[in-house]
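Undergrad: structure, please.
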Amino acid sequence: MSVFEQMVTDVETYPETNVQLEIVEVTYSGSGLNEDEHGTFRVKVTNTGPLVLTDVTLRIKGQNGALVANNGAAAPFVSHFVTSPLPTSGAHNDSQLTIGSPLKFQAPPEAAASQDLIQATLEDWDGELDHIMNAHSDAQYGTAKATFAAEVFPK
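TA: The predicted structure follows:
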């Protein structure tokens with residue numbers, strides 16, 4: 001496999017190996033979530049790899065009867081939606097949160113045991129090589145060198 005073929009494979013699998021999604025800052029009233037109750041949340045995206053991530057969007061999906069809504073007072077509750085692009089995420093453990101006010105959810109209309117209610121997945125993203133090409137291209141002493149050799153004769 002050529003270097004470029006391997007690079008394509010590495011980019012295609014980058015989200016699986018270098019991107020972590022977490023649903024954070026979940027809020028709702030009371031100590032337990034009631035039927036049809038509304039709550040809020042954010043999604044945290046952490047980039048653990050060497051690419052710089054740009055134009056990251058997330059697909060937010062309600063599960064098991066839950067509905068979700070984008071931020072903003074007029075955003076309707078739906079089965080799923082795609083977020084606005086997140087800010088650029090730098091390489092090596094940079095994190096970004098969904099932008100603006102928190103996203104919203106509505107609990108299912110019937111009581112149930114603990115179950116997944118919200119799912120967040122990467123919808124789209126772009127990667128930049130700037131960090132790899134600039135931060136990892138410094139000279140490594142002892143790896144690239146030039147020498148001169150010659151036989152030295154007595155006078």
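
Undergrad: could you give the bridge partners of the most centrally placed residue in the chain?
TA: Nearest residue to the geometric centre of the chain (Cα atoms, centre = their mean): Val45, 3.5 Å. Note on Val45: beta-bridge partners by DSSP bridges are Leu21, Gln96.

Undergrad: give me the distance between it and Val19.
TA: Separation of Val45 from Val19 (Cβ to Cβ, to the nearest Å): 7 Å. No exception for glycine: its C-beta is placed from N, CA and C like everyone else's.

Undergrad: repeat that for Pro76.
TA: Using Cβ to Cβ, we find Pro76 at a distance of 29 Å from Val19.

Undergrad: compare these two (neighbour count), which wins?
TA: Using other Cβ atoms under 10 Å as the criterion, Pro76 and Val19 rank with Val19 on top: 18 against 10.

Undergrad: next, His131: secondary structure please.
TA: Each residue gets one of three states, and His131 gets helix by DSSP: H, G, I helix; E, B strand; the rest coil.

Undergrad: to clarify, my last question referred to Glu5.
TA: Following three-state DSSP, we place Glu5 in the helix state.

Undergrad: any weak-confidence spans in the chain?
TA: 132, 136-147 (pLDDT under 70).
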